[in-house]
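Asks: Pasting a predicted model and its sequence here:
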Amino acid sequence: MKATMVSDTTKHYPVLLNEIISIITPQHGGTFIDCTFGQGGYTQKILNFRNTQVIGLDRDIQSKKKADLILDKFQDRFIFKNKKFSQLEDLKIKNENIRGVIFDLGYSYTQIKDPTKGLSFSSTGDLNMKMGLNDFSAGGAINKLSINELEKIFKFFGEEKEAKKIAFNIVKDRSKKKFDTKSLVELIEKVKRKKNFKIHSATKVFQALRIFVNKEISELIYGLIAASKVLKKDGVLVVVTFHSLEDKIVKYFFKSLSENKSVSRYVPKISQPETLFRMIKKKPITPSVKELKENPPSRSAKLRYIIKKDESYNFETDVIKKFEYLLDIENFGNKL
């Protein structure tokens, strides 16, 4: 997962930037963690406020080029780590004054258009989709996993209605040829005869493969848990999502930490522990008309945030159990 989509190669658009700054209030100082550093849009804006520090994380080593430029300007106020955000706790920052943690789960224009990454169905070449610190590629999955495994990946990670048919045809054809980006797109278009004019026929399969290859479900879940631990009292956890599956996970996790479990009115009332976070807005914040006009890819962005109520480091959440079926699908990659 990676920071902020942009609409061209010359200008970078950190999605919902003004809204995020108003939520995390860097004018009061403190340390902030930008978990999807990318082009450094959020990081630079935060560092423009005095008495702020930023720890930037990114699994894509290409981001280090931008990070080096920011480091030259802000020096000891900025640290960059080439890490996945599930590795947040490895930074040993338990005692830091962490005032905000930001996740922007979109992909940048430059990443999508990079032919070596193979993220776009309009590119040619190998089925890569690796964002960095990966164990296998999309090509490895397509050319080795079973029909049942591929079907589950396409169905649950991409919400692809023709998942079974596409998986069957992939396995049938791969004995004759090794799939690359172009041949996979051609197969999907052949299987999906009914055209959806809103999105390309291969969109959902490519989304599913990207999520699978980069283990985006476990990265998100364990990243959220780690972020919730390191935040100090009144610290803010902010997440920008771009598709329904990741938003579903974020929404559930936030609710589990900010609301008591519902109990039947026929059951005797019992005392429940105080929640660790408070949720100010239940509905997500979406881009303004002005932002949509300047940066159309931001149209699917949803911003959710919660605020920590005390210094607790340990807490309980059933988010792993809730989405265990998705984590089990991710584990198909262990055989690759």
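Replies: Cool, the structure landed. Numbers count the residues shown, from 1 in each chain.

Asks: So for this structure, which residue is the most central one in space?
Replies: For the chain, L105 is the residue whose C-alpha lies nearest the centre (Cα atoms, centre = their mean; 3.2 Å).

Asks: Break down the chain into its strands, ranges please.
Replies: For the chain, the strands defined by DSSP state E occupy 30-34, 52-57, 78-81, 98-104, 236-241, 277-278, 302-308.

Asks: what sits up against the fifth one?
Replies: Same thing as strand 236-241. With Cβ atoms under 8 Å, 6 or more residues apart in numbering as the contact definition, strand 236-241 has outside contacts at 15-16, 20, 23-24, 99-106, 224, 227-228, 231, 247, 250, 254, 277, 284, 301-308. Bear in mind the C-beta positions are built from the backbone N, C-alpha and C, glycine included.

Asks: Same question for it: list its buried residues.
Replies: 236-241 (16 or more other Cβ atoms under 10 Å).

Asks: so where do the helices sit in the stretch 201-336 of the chain?
Replies: Along the stretch 201-336 of the chain, counting by DSSP state H, counting those that start in this stretch, helices occupy 203-213, 216-230, 244-258, 289-294, 319-322, 324-330.

Asks: I'd like the ones you listed laid out as CSV, including mean pLDDT and distance to R174.
Replies: Listed next are those as CSV, based on pLDDT from 0 to 100; distance: least, Cβ to Cβ, whole Å:
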stretch, mean pLDDT, distance to R174
helix 203-213, 96, 14
helix 216-230, 96, 24
helix 244-258, 96, 26
helix 289-294, 96, 41
helix 319-322, 96, 33
helix 324-330, 98, 20
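
Asks: Single out the most deeply packed of these.
Replies: Across those, averaging neighbours per residue (mean count of other Cβ atoms under 10 Å) puts helix 203-213 on top, at a mean of 24.

Asks: That helix - contacts with which helices or strands?
Replies: Helix 203-213 sits against helix 138-144, helix 158, with contacts defined as 3 or more Cβ pairs under 8 Å, 6 or more residues apart in numbering; DSSP states H and E.

Asks: Check which helices and strands the longest one sits against.
Replies: What that stands for is helix 138-144. Short answer (3+ Cβ pairs under 8 Å, 6+ apart): helix 138-144 packs on helix 203-213.

Asks: ok so, going back, tell me which of the helices and strands packed on helix 203-213 lies nearest to K92.
Replies: Closest to K92 of these is helix 138-144 (Cβ to Cβ; 33.5 Å).

Asks: Show me which residues of that closest one are buried.
Replies: Within helix 138-144, the residues that qualify as buried are 138-143, counting by 16+ other Cβ under 10 Å.

Asks: how about these in TSV, adding pLDDT?
Replies: Formatted as TSV, these follow (pLDDT from 0 to 100):
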residue	pLDDT
A138	96
G139	95
G140	95
A141	97
I142	96
N143	93
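
Asks: Which of those sits closest to G29?
Replies: Taking the buried residues of helix 138-144 together and measuring to G29 by Cβ to Cβ, the closest member is A138, at 42.9 Å.

Asks: Distance of that closest one relative to F206?
Replies: Note on A138: its distance to F206, by Cβ to Cβ, to the nearest Å, is 8 Å.

Asks: same thing with I23?
Replies: I23 sits 32 Å away from F206, going by Cβ to Cβ.

Asks: again with Q27
Replies: 41 Å.

Asks: show me what contacts V213?
Replies: V213 sits next to 129-130, 134, 136-138, 141, 333 when contact means Cβ under 8 Å, 6+ apart.

Asks: try Q207
Replies: Q207 neighbours (Cβ under 8 Å, 6+ apart): 157-158, 243.

Asks: Mutual contacts of A138 and F206, please.
Replies: M129.

Asks: any low-confidence regions in the stretch 101-250 of the chain?
Replies: 195-197 (pLDDT under 70).

Asks: The stretch 1-150 of the chain: helices as residue ranges?
Replies: 17-24, 41-47, 64-74, 109-113, 138-144, 147-152.

Asks: now, of these, which is deepest in the fold?
Replies: helix 41-47 (a mean of 24).

Asks: what's it in contact with?
Replies: Helix 41-47 is contacted by residues 3-4, 12-14, 17, 20-21, 24, 26, 32, 34, 37, 52, 54, 56, 70, 73-74, 77-78, 102, 104 when judged by Cβ under 8 Å, 6+ apart.

Asks: try stretch 143-151
Replies: For stretch 143-151, the external contacting residues (Cβ under 8 Å, 6+ apart) are 141-142, 153, 163-164, 166-168, 170-171, 174, 178-179, 329, 332, 335-336.

Asks: Whichever of those residues end up buried, select them in PyMOL.
Replies: The following PyMOL line selects those of these that are buried, judged by 16+ other Cβ under 10 Å:
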select buried, resi 141+142+153+163+164+166+167+170+171+174+179+329+332
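
Asks: just to revisit the earlier point, could you save the helices of the stretch 201-336 of the chain as TSV and add columns showing distance to K83?
Replies: Below are these laid out as TSV (distance: least, Cβ to Cβ, whole Å):
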stretch	distance to K83
helix 203-213	18
helix 216-230	10
helix 244-258	19
helix 289-294	29
helix 319-322	21
helix 324-330	19
